[in-house]
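*Asks:* No letters, just coordinates:
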């Protein structure tokens, strides 16, 4: 499986930027990803904190 360009912490940070009020298009433009990828990440990582993302990564290994 292909490895993501972004770490879980970066993805969670992007989601938090969008939830804080930044438009989705602006978040995507700043980080260089498509809106479809952003919403896929949001579905997977939305509502997590950085430590929760770390636990998910550790459970996969």
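*Replies:* Sure, I can see it. These numbers come from a predicted model, not from an experiment.
*Asks:* From now on I want contacts and neighbour counts done on CA atoms only, so please keep to that.
*Replies:* Noted.
*Asks:* Next one: the spatially most central residue of the chain, what pLDDT does it get?
*Replies:* With distances taken as Cα atoms, centre = their mean, the chain has residue 11 as the residue nearest its mean C-alpha position (2.2 Å). Looking at residue 11, its pLDDT reads 92.
*Asks:* go on, the one 10 residues further on?
*Replies:* Note for residue 21: predicted pLDDT of 94.
*Asks:* how far away is it from residue 2?
*Replies:* 31 Å (Cα to Cα, to the nearest Å).
*Asks:* Also residue 20?
*Replies:* Per Cα to Cα, residue 20 is found 30 Å from residue 2.
*Asks:* which of the two has more neighbours?
*Replies:* Set side by side, residue 20 and residue 2 give different neighbour counts by other Cα atoms under 10 Å, the larger being at residue 20 (9 against 4).
*Asks:* Now the more buried one, what are its backbone angles?
*Replies:* Dihedral pair for residue 20: phi -80, psi -10, per degrees, to the nearest 10.
*Asks:* Can you give me every residue that contacts it?
*Replies:* Under the criterion of Cα atoms under 8 Å, 6 or more residues apart in numbering, residue 20 has no neighbours.
*Asks:* Output the below-cut-off pLDDT ranges for this structure.
*Replies:* 1, 49-61 (pLDDT under 70).
*Asks:* the helices in it, which residues?
*Replies:* 8-19, 24-31, 35-45, 50-60 (DSSP state H).
*Asks:* most packed of the ones you listed?
*Replies:* helix 8-19 (a mean of 18; mean count of other Cα atoms under 10 Å).
*Asks:* which helices and strands does it pack with?
*Replies:* With contacts defined as 3 or more Cα pairs under 8 Å, 6 or more residues apart in numbering; DSSP states H and E, the secondary structure elements packing on helix 8-19 are helix 24-31, helix 35-45, helix 50-60.
*Asks:* Also compute the angle for it relative to helix 35-45, please.
*Replies:* Taking axes from the mean of the first three to the mean of the last three Cα atoms, to 10 degrees, one finds helix 8-19 and helix 35-45 inclined to each other by 110 degrees.
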